[in-house]
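A.B. asks: Pasting the sequence and the predicted coordinates here, then a few questions.
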Amino acid sequence: MSSSRAASDDQLPVTSAGTASVFPGQVARVLLISALFFAVYLIQIRIDDSFGEYRVTEEILYIESGETFKKMTLGFENLIADLYWLRTVQYYGGKRLQVTNKDYALLEPLLRITTDLDPDFKIAYTYGSTFLSEPFPSGAGLPIKGIELVDRGIANHPDYWRFYLDKGFIYFWYLKDYHKAAEIFLEGSKIEGAPYWMVATASRTLTKGGEREVARELWRYLYETAGTDQQRENAAVHLRQLDALDQIDILRETVRRFAEDVGRAPQSWQDLVDAKYLRAQPVDPEGVPYALDPSNLEVSVSRESRLSGLQSIR
């Protein structure tokens, strides 16, 4: 036995029988920590197994209260919060890829537990609110829950201007409440360190006909500040949707002029190409041809395009 190991043994408490012992409290703490990490390990295996088929079982959420869970973590709140955030992102991503029986029921509880465990986990508030607010089936379709999550972030970090941008964005894009969005942008612009363009954004939101450009500005900002490839691609799709709306405006006017000039509705895009109103069949930013309905001269994004379901911001 080395002298260093012997010296270490000499420092341990000794019982009346002359054997080393450990305080009961230390034993309890070691056992509890071991049990905690063993439970986390089992949960992670279960989630990973189900995620292989893009399914996350309801059984992963044994405890729905983050505050209750926090009492069990023995000072390891941040570590467990990181794990729950990873589970949340995997859950959300798996549900987005799931074709049938898509259900985001666990998304809000997972986010609540994550932020209860670590109230300073800012990215969970920002991107979690987007996950909740995105229209179904791309997200949970629960913008009010998204706002509630951001409000919790604001309560914990009232001087963090980014949360006001997140909240205003939900009101603007998902709830179409432009006046409320402008109020929130203005409120956030008063925080020290807030970017100057928040004031301009609020003003433009209240300007009739400016909603689409404001949306483009916000999505461009989210694209540039995205933390993951998935978040960046989500913002990029919305930017392409806005480009499609611009193109649809021009195409609708072109179709209308053809009908007035020729005296009948075009039956296909080829009619407009043959009559020199268009150079070629128009396609959206994804490369999919636009849909044309001769019965009402309506132009829209094809259901086969990833841009289908875009919102008609003017």
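C.D. replies: Received, thanks.

A.B. asks: Which strands or helices does the longest helix seen in the chain pack on?
C.D. replies: The single longest helix within the chain, with elements called by DSSP state H, is helix 229-262. Counting contacts by 3 or more CB pairs under 8 Å, 6 or more residues apart in numbering; DSSP states H and E, helix 229-262 packs against helix 122-133, helix 211-224, helix 269-274, strand 298-300. For glycine as for every other residue, the C-beta is placed from the backbone atoms N, C-alpha and C.

A.B. asks: Can I get those in TSV including mean pLDDT and mean neighbour count?
C.D. replies: Below are the helices and strands packed on helix 229-262 laid out as TSV (pLDDT from 0 to 100; neighbours: other CB atoms under 10 Å):
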stretch	mean pLDDT	mean neighbour count
helix 122-133	95	24
helix 211-224	76	18
helix 269-274	96	16
strand 298-300	94	17
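
A.B. asks: Adding distance to residue 197, write the ones you listed out as CSV.
C.D. replies: Below are the helices and strands packed on helix 229-262 laid out as CSV (distance: least, CB to CB, whole Å):
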stretch, distance to residue 197
helix 122-133, 18
helix 211-224, 8
helix 269-274, 39
strand 298-300, 32
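
A.B. asks: wait, which of these is closest to residue 175?
C.D. replies: helix 122-133 (8.7 Å; CB to CB).

A.B. asks: Keeping just the C-alphas, turn stretch 96-116 into PDB.
C.D. replies: Output in PDB follows, covering the C-alpha atoms of stretch 96-116 (Å, rounded to 0.1, in the frame of the first residue of the first chain):
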ATOM      1  CA  ARG A  96     -42.700  16.800 -36.800                       C
ATOM      2  CA  LEU A  97     -41.400  13.800 -38.700                       C
ATOM      3  CA  GLN A  98     -44.200  11.500 -37.600                       C
ATOM      4  CA  VAL A  99     -46.700  11.000 -40.400                       C
ATOM      5  CA  THR A 100     -49.800   9.700 -38.500                       C
ATOM      6  CA  ASN A 101     -51.200  10.100 -35.000                       C
ATOM      7  CA  LYS A 102     -49.200  13.300 -34.600                       C
ATOM      8  CA  ASP A 103     -49.700  14.700 -31.000                       C
ATOM      9  CA  TYR A 104     -47.600  17.300 -29.100                       C
ATOM     10  CA  ALA A 105     -49.300  16.600 -25.800                       C
ATOM     11  CA  LEU A 106     -46.000  16.300 -23.800                       C
ATOM     12  CA  LEU A 107     -44.400  19.400 -25.300                       C
ATOM     13  CA  GLU A 108     -45.700  22.000 -22.900                       C
ATOM     14  CA  PRO A 109     -45.000  19.900 -19.700                       C
ATOM     15  CA  LEU A 110     -41.500  19.100 -20.900                       C
ATOM     16  CA  LEU A 111     -40.800  22.800 -21.400                       C
ATOM     17  CA  ARG A 112     -42.300  23.700 -18.100                       C
ATOM     18  CA  ILE A 113     -40.100  21.100 -16.300                       C
ATOM     19  CA  THR A 114     -37.000  22.300 -18.100                       C
ATOM     20  CA  THR A 115     -37.600  26.000 -17.100                       C
ATOM     21  CA  ASP A 116     -38.600  25.100 -13.600                       C
END
